[in-house]
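Novice: Take this sequence and fold it.
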Amino acid sequence: MSTNTSWIVLIIAGLFEVCWAIGLKYTEGFTKLVPSLFTITTLIISMFLLAKATEALPIGTAYGVWVGVGALGAAILGIFLFNESASPARIFFLLLLLVAIIGLKLTSK
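Specialist: Below you'll find the predicted structure:
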C-alpha cells in the first residue's frame, strides 16, 4: 500500500474510532445488543485499518493521528449529540488537537 493510500486508510480508521467511541455511550454498559454489536464491529474495523496503515506509516505518527481523529470527532459529536460543553476553552483545545494532527501529517516521512 502506498503512503498516500495509507493516510486515507488511517483517516478512515480514525472515523471508525469515532463511531465506536460514540457507540459506547449507547451500549449502556454493553447491555443493549444492537449498539453493542455496532460498537464492537466498528472497533474491529478501526483497529484493522490502523494496522493496515502502519504497514507504510510510522507507528508513532499513525497511532497519534488515529487517537487524535477519534478524540476530536468524539468530542465534537459529544457536543452535538449529548449536549457536552462547548466552552471557548474546550473549543480552543480541540483546535489545538486538530493542529497537532495536521502537524503530525506534515512532519511525517
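Novice: Next up, phi/psi of the nearest residue to K109 once chain neighbours are set aside, please.
Specialist: What sits nearest to K109 in space, not counting adjacent residues and going by C-beta to C-beta, 6 or more residues apart in numbering, is P58, at 7.4 Å. Using the backbone N, CA and C atoms, a C-beta is placed for each residue, glycine as well. Main-chain dihedrals, P58, degrees, to the nearest 10: phi -60, psi 140.
Novice: quick one: contacts for the residue positioned nearest the centre of the chain?
Specialist: Closest to where the C-alpha atoms of the chain average out (C-alpha atoms, centre = their mean) is G70, at 1.9 Å. Neighbouring residues of G70 by C-beta atoms under 8 Å, 6 or more residues apart in numbering: G14, E17, V18, A21, S46.
Novice: Leaving out the residues flanking it, which one is nearest to L98?
Specialist: L98 sits nearest to L72 (C-beta to C-beta, 6+ apart), 6.1 Å away.
Novice: swap that for I101, sorry
Specialist: Distances taken as C-beta to C-beta, 6+ apart put G68 closest to I101, at 4.2 Å, once the chain neighbours are dropped.
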